[in-house]
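Asks: predicted model and sequence below, questions to follow.
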Amino acid sequence: MSPRPEEEAMRRGVVNRIESVIKNLWPTATVEIFGSFSTGLYLPTSDIDLVVFGTWDHPPLLELEQALSKQNISGPYPIKVLDKASVPIIKLTDQQTEVKVDISFNVETAVKAAQFIKSYLKKYTVLPPLIFVLKQFLLQRDLNEVFTGGISSYSLILMAISFLQLHPRIDTRRTNINLGILLIEFFQLYGRDFNYMKTGIRVKNEGAYMSKEEMTRFMMSGNRPSMLCIEDPVQPGNDVGRSSYGILQVKQVFDFAFMVLNHSVSPLARAYPNKDTSNSALGRIIKVCPDVLAYRNWTIKKWGGKQSPKLDHYGNFVSKNIHPVCKEDGESSFYQRCASSHTSLSARQQWQSRPQSPSPNSPPSTRTAKPRLPNEIQLSRFHRHT
C-alpha cells in the first residue's frame, strides 16, 4: 500500500488548488504540508494536512471557508469549521478526488514533527514498510483514529521508532534486515511485553523507557501520564498518546496478530501446513478492501501514463515495468519477506503459490467502457486520518 507516483500527483493537484485559493486571499501567507503526505507515509485513503502561516491575531477560519465554497473546491461535500477544537481547523473533501483535507493555522509544532519523522526515515530504512503494514492493520480495525479510541499516525510512528531504537537483537539500520521478524517482534512487544500501566516511551536522545512517575516531572502542570504515555519529542511536556482511550483494545489486536504470525512460521505449522494457500502469512491479518483497490485503479488511470498498470485483488501491480516508490521494498516484496520469516519455504514460493485469478469482489477491469469515478466508489468508511 505504499504511495504510487500517480497518487502523489493527484494529491499535489489538491494542494495546488487549495493553495491558490489561500494565496488569492492572503498573498503573503505561506502554505505548508505536514502529516503523512509530507513524510510519504500515507495510505491511499489518508487525509492531507495543511497549515497556513500568516500574521492574524485569530485564525481566519470563516473567511477561508467562504473562499473555498465560492471556488467550489468541495462541490457537494460540506466544509466543516471546527473553531472550538483545541487546534481550530477546517475540514473539507476535494470534489475532484474525494481526498479529505484538514487546514490549520500557525501550528509550528506540526511542521517540526514532520521534519523529526523525516530524519528517522533516513536513519531507519525499514521504517516506511513497517509503518505501511501497521497503518493498514489498524485502519481495517477502526483503530487508527483517536476519536475511536485508537492511536494516531504520529503515536504509531513514535512507537515504531522506539521499537527500532531499543530492539535488542538486530541492527535495525541494516538494509537487508528481515522485515517479517521485525513485524512479529513489534506485535510481541506492544501486544504482550510492554507494561502500559507503569512505563512511558521517550524517543529523543536515542530513546528510552521511563517510569511514569519520572515522566510526570516533565509534563505540563496538572497533567498525568496516560495509559499510552509517549513523550512528544518536539513539544516537551506533551503526552502524544493521551487521547488514545482504547489502547488496551489496540494491545489486544497486536497480541492477536503476534499469535497468528508466530504460529504461521512455527515448526508445527511447517509440519502440518494449512491446506488453504489463498493467503500468505501476512494475508491472514491484513486485508485491502475492493473499494480501495478500485479507487487506486481509478487514480492510476486518471493521473498516470498510458502504460500505468492495474492493481490485482492483492493490492499489487500487474505490470513489472512499474517500480515501487520505495525501491528496496515494494508491496509484493515486503509481503514476501514478512510471510517467509523463520520458515524454510521461500518467500518467492509462498508468493507464487497464491491464486492468480481475481476474486469475485475485485473492482471492474480497466478495459470496461466506463471507468469508475470517485463518486461511484463508496469510500466514506475507509477514509481515515493517518
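Replies: The structure has been received and is ready for your questions.

Asks: and for Asn195, the neighbour number?
Replies: Neighbourhood size, Asn195 [other CB atoms under 10 Å]: 9. To be clear about C-beta, it is placed using only N, CA and C from the backbone, and glycine gets the same treatment.

Asks: got any ranges where the chain has weak pLDDT?
Replies: Residue ranges of the chain with pLDDT under 70: 1, 168-177, 221-222, 267-279, 305-386.

Asks: report the longest helix in it, please.
Replies: When the chain is parsed with DSSP state H, its longest helix is helix 5-25.

Asks: going by neighbour count, list what's buried in that one.
Replies: 5-8, 10-11, 14-15, 17-19, 21-22, 25 (16 or more other CB atoms under 10 Å).

Asks: name every strand pairing with the helix or strand following that helix and say which way it goes.
Replies: Following helix 5-25 in sequence order, the next helix or strand is strand 30-34 (DSSP states H and E). When pairing is defined by DSSP bridges, strand 30-34 lines up against strand 48-53 (antiparallel).

Asks: for whichever helix or strand comes after the partner strand, packing partners?
Replies: Once the chain leaves strand 48-53, the next helix or strand it forms, by DSSP H and E, is helix 61-70. Counting contacts by 3 or more CB pairs under 8 Å, 6 or more residues apart in numbering; DSSP states H and E, helix 61-70 packs against helix 5-25, strand 80-82, strand 89-93.

Asks: packing partners of the first one?
Replies: Read it as helix 5-25. Using 3+ CB pairs under 8 Å, 6+ apart, helix 5-25 is in contact with strand 30-34, strand 48-53, helix 61-70, strand 100-105, helix 290-303.

Asks: between these, which one is closest to Gly149.
Replies: The closest of the helices and strands packed on helix 5-25 to Gly149 is strand 100-105. By CB to CB, the value is 19.8 Å.

Asks: and the contacts of the closest one?
Replies: 14, 18, 47-54, 56, 59-61, 64, 87-94, 110, 383, 385 (CB atoms under 8 Å, 6 or more residues apart in numbering).

Asks: what lines up beside it in the sheet?
Replies: Partners of strand 100-105, by DSSP bridges, with direction: strand 48-53 (parallel), strand 89-93 (antiparallel).

Asks: nearest residue to Lys287 in space, please, no chain neighbours.
Replies: Spatial nearest neighbour of Lys287, chain neighbours left out: Gln140 (5.8 Å); criterion: CB to CB, 6 or more residues apart in numbering.

Asks: how about the helices in the protein?
Replies: Counting by DSSP H, the helices of the chain are 5-25, 35-39, 61-70, 108-123, 127-139, 153-165, 179-188, 212-216, 247-264, 267-271, 290-303, 331-339, 347-352.

Asks: of all these, which one is nearest Val240?
Replies: Closest approach to Val240 among those is made by helix 153-165 (5.1 Å; CB to CB).

Asks: summarise which helices and strands the closest one is packed against.
Replies: Secondary elements touching helix 153-165 (3+ CB pairs under 8 Å, 6+ apart): helix 108-123, helix 127-139, helix 179-188, strand 199-202.

Asks: residue contacts, Thr199?
Replies: Thr199 touches 209-212, 229, counting by CB under 8 Å, 6+ apart.

Asks: hmm, Lys287 and Val133 touching each other?
Replies: No: if you go by CB atoms under 8 Å, Val133 and Lys287 don't touch, sitting 12.0 Å apart.

Asks: more neighbours: which of these two?
Replies: Val133 (24 against 13).

Asks: now Lys251: how far from Arg224?
Replies: Using CB to CB, to the nearest Å, we find Lys251 at a distance of 20 Å from Arg224.

Asks: ah, wrong one, I meant Arg141
Replies: 28 Å.

Asks: ok, the two, which is more surrounded?
Replies: Neighbours per residue (other CB under 10 Å) separate Arg141 from Arg224, with Arg141 holding more: 16 against 11.

Asks: and for the spatially closest residue to the more buried one that is not a sequence neighbour, the neighbour number?
Replies: Of all residues not flanking Arg141 in the chain, Val253 sits nearest, at 5.7 Å (CB to CB, 6+ apart). Per other CB under 10 Å, the neighbour tally for Val253 reads 17.

Asks: Val253 and Asn144, how far apart?
Replies: Val253 is 11 Å from Asn144, by CB to CB.

Asks: please enumerate the shared neighbours of these two.
Replies: Leu138.

Asks: related to what we said a few turns ago, please produce a ChimeraX select command covering the buried subset of the contacts of Thr199.
Replies: A single ChimeraX command selects the buried members of those (16+ other CB under 10 Å):
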select :210,212,229
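
Asks: can you report how many residues lie near the residue nearest to Lys287?
Replies: 17.

Asks: next: Ser2.
Replies: Going by other CB under 10 Å, the residues that sit close to Ser2 add up to 21.

Asks: what residues does Gly150 make contact with?
Replies: 138, 141-144, 244, 246, 249-250 are the contacts of Gly150 under CB under 8 Å, 6+ apart.

Asks: still on that earlier bit, mind checking which of the helices and strands packed on helix 5-25 is nearest Arg192?
Replies: Arg192 sits nearest to helix 290-303 of all the helices and strands packed on helix 5-25, at 30.2 Å, using CB to CB.
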